[in-house]
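# my questions are about this predicted structure, shown below with the sequence.
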Amino acid sequence: MVNEEAVFYSRVLTELTLSFHILYATIGVGVPLMIMIAQWVGIRKNDEHYILLARRWARGFVITVAVGVVTGTAIGLQLSLLWPNFMEFAGNVIALPLFMETFAFFFEAIFLGIYLYTWDRFENQKKHLLLLVPVAIGASFSAVFITMVNAFMNAPQGFDIVDGELVNINPIIAMFNPAMPTKVAHVVITAYMTAAFVLAAIAAFRLLKGSNHIYHKKALHLTMKLGLVFAIATAVIGDFSGKYLAEYQPEKLAAAEWHFETQENAPLVLLGIMKDGEVKYAIEVPFGLSLLAYSNPSAEVIGLDQFPEDEIPPLYIHYLFNIMVLIGMWMVFLAAWYWIGMKRGWRSVTTKWFRWLIVLGAPLTFIAIESGWWLAEVGRQPWILRKIMRVEDAATTSGQVDLMLMMFAGLYIILGIGSVVVLRRMFRNNPVERELEDRHMEKGGDVQ
């Protein structure tokens, strides 16, 4: 028997937890690669500034990992408490990738601890750099395995259903489902992109606040270049994601694009509003949706008219799709402008207003991450396991979910404020100028 209030609060709490966790998880996946690249560049160029970049980023990374562990644990707990019917039905299938995600995290955490403890203990810095390889691999594979669970919910396979139960389960086939390649690639690459732009925003902010140190300029230059590479890669993978949706989840693509009638030469609808059942004030890109879905401007794209009304996702996901795409395009443009401007000596890329645009890129990329995640989850509605189990059939019937919502909301407020305060104090009390001077005194070198 469905408890509608419990279903509602379960959905709200799950959305809150995932929305909060995704911020720290994205940083947790992306920053280790940035640390590794910075240290590698420092060793290759024999440049102390890049080595210090890696060192300081690693310190801040530990704080985000700690918060990510708490919120990740909350997700695992809530799966059992809020969605017991789903876990009873599909728990045997998703158990393997959930275990592998935990294993990947511990793999990352062990080598991260060794890496942090052994600073300046290696005469050959290349050996110290090698410790970052398993850290970056573990962080990325944590995202890979947990995203496999989400991909399975969108494209379930690897089992038979007999008398309402899953039997003949093959977890490997379930993990490597049709949704897995594009979802995993999109999550991992956007994490790299977001981490690069967040670190670029920090460097730009320090320059705006009067610290004209070459350290911050090098940090900005490195991260903006990396951001450009990963932003372009994100756009390419986004194109593959559109083709996956057209093939396997056409109702999600049609809802995201406000594509109501099956037709050839389908246009791509951007922005606009829905008024009296009609789309108004939208920008239409001729043949755009056919190209996105099939790389053929005359291809037929399935519309919402082909699906039962109770299986159509909420139409507001159109705005989530637009937000994600427009922010992604803007960050590609901004990073390309910076890179070309630095190559050609344009003064615009060193002005205050341009650096403020870079600073703004950090919250924008987080908004894009959140929009993309909500698009993925809401776009699967009304299914928790597509075409097999609906959300309301998977939820708990407990009447205490509203209390859980308030308790977890309080926890996330404390964690969010606490992590910001700790990070600010950590770097405010140990500015880069002082740390460079200390390292100079230790090594007897020149301060730069």
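Arrived safely, thanks for sending.
# got a list of what Tyr281 touches?
Counting by C-beta atoms under 8 Å, 6 or more residues apart in numbering, Tyr281 touches Leu271, Gly272, Ile273. The way it works is simple: take the backbone N, C-alpha and C, and place the C-beta from them, glycine included.
# give the ChimeraX command for selecting the buried subset of those.
Under the burial definition 16 or more other C-beta atoms under 10 Å, those of the contacts of Tyr281 that qualify are selected in ChimeraX by:
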select :272
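# name the SS class of Gly399, please.
In the three-state summary, Gly399 is assigned as coil, counting by DSSP: H, G, I helix; E, B strand; the rest coil.
# rewinding a little: return the subset of the contacts of Tyr281 lying in strands.
Applying DSSP state E to the contacts of Tyr281, the entries found in strands are Leu271, Gly272, Ile273.
# would CSV of those with pLDDT be doable?
Listed next are the ones in strands among the contacts of Tyr281 as CSV, based on pLDDT from 0 to 100:
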residue, pLDDT
Leu271, 83
Gly272, 82
Ile273, 84
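# now render those residues as a markdown table, adding distance to Ala174.
Below are the ones in strands among the contacts of Tyr281 laid out as a markdown table (distance: C-beta to C-beta, whole Å):
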| residue | distance to Ala174 |
| --- | --- |
| Leu271 | 38 |
| Gly272 | 38 |
| Ile273 | 40 |
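# can you pull out the helices in the stretch 301-448 of the chain?
For the stretch 301-448 of the chain, the helices identified by DSSP state H, counting those that start in this stretch occupy 317-344, 352-378, 391-394, 401-428, 432-443, in order along the chain.
# which one, of those, ends up nearest to Ala200?
Proximity to Ala200 (C-beta to C-beta) singles out helix 352-378 among the helices of the stretch 301-448 of the chain, at 5.7 Å.
# output the contacting helices and strands for the closest one.
For helix 352-378, the packing partners by 3 or more C-beta pairs under 8 Å, 6 or more residues apart in numbering; DSSP states H and E come out as helix 4-45, helix 180-208, helix 214-248, helix 317-344.
# and of the helices of the stretch 301-448 of the chain, who's closest to Thr118?
Comparing those against Thr118 with C-beta to C-beta, the closest turns out to be helix 432-443 (15.9 Å).
# out of the helices of the stretch 301-448 of the chain, which gets nearest to Gly42?
Comparing these against Gly42 with C-beta to C-beta, the closest turns out to be helix 432-443 (12.3 Å).
# so for the closest one, mean pLDDT?
Within the predicted structure, the mean pLDDT of helix 432-443 is 62.
# helices of the stretch 51-200 of the chain, start to end?
Taking DSSP H, counting those that start in this stretch as the test, the helices found in the stretch 51-200 of the chain are 84-117, 125-130, 132-154, 171-175, 180-208.
# where does this protein have low pLDDT?
Within the chain, the stretches with pLDDT under 70 are 1-2, 431-448.
# nearest to Thr64, of the ones in strands among the contacts of Tyr281?
Minimum separation from Thr64 among the ones in strands among the contacts of Tyr281 (C-beta to C-beta) is found for Leu271, which lies at 33.8 Å.
# buried residues, stretch 110-122. List them.
Phe111, Leu112, Tyr115.
# any chance of these in a markdown table, with distance to Val67 too?
Rendered in a markdown table, the data for those read as follows (distance: C-beta to C-beta, whole Å):
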| residue | distance to Val67 |
| --- | --- |
| Phe111 | 20 |
| Leu112 | 15 |
| Tyr115 | 19 |
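# quick one: which of these is nearest to Gly42?
Distance ranking of these against Gly42, using C-beta to C-beta, places Tyr115 first at 14.4 Å.
# was I right to think the closest one contacts Leu130?
No. Counting by C-beta atoms under 8 Å, Tyr115 sits too far from Leu130 to count as a contact (9.5 Å).
# okay, now Gly423: neighbour count?
To be clear, residue 423 is Leu; Gly isn't right here. Each residue near Leu423 was counted by other C-beta atoms under 10 Å, and the total is 15.
# tell me the contacts of it?
When contacts are counted by C-beta under 8 Å, 6+ apart, Leu423 touches Gly60, Ile63.
# distance check, it against Asn430.
Remark: distance between Leu423 and Asn430 (C-beta to C-beta, to the nearest Å) = 12 Å.
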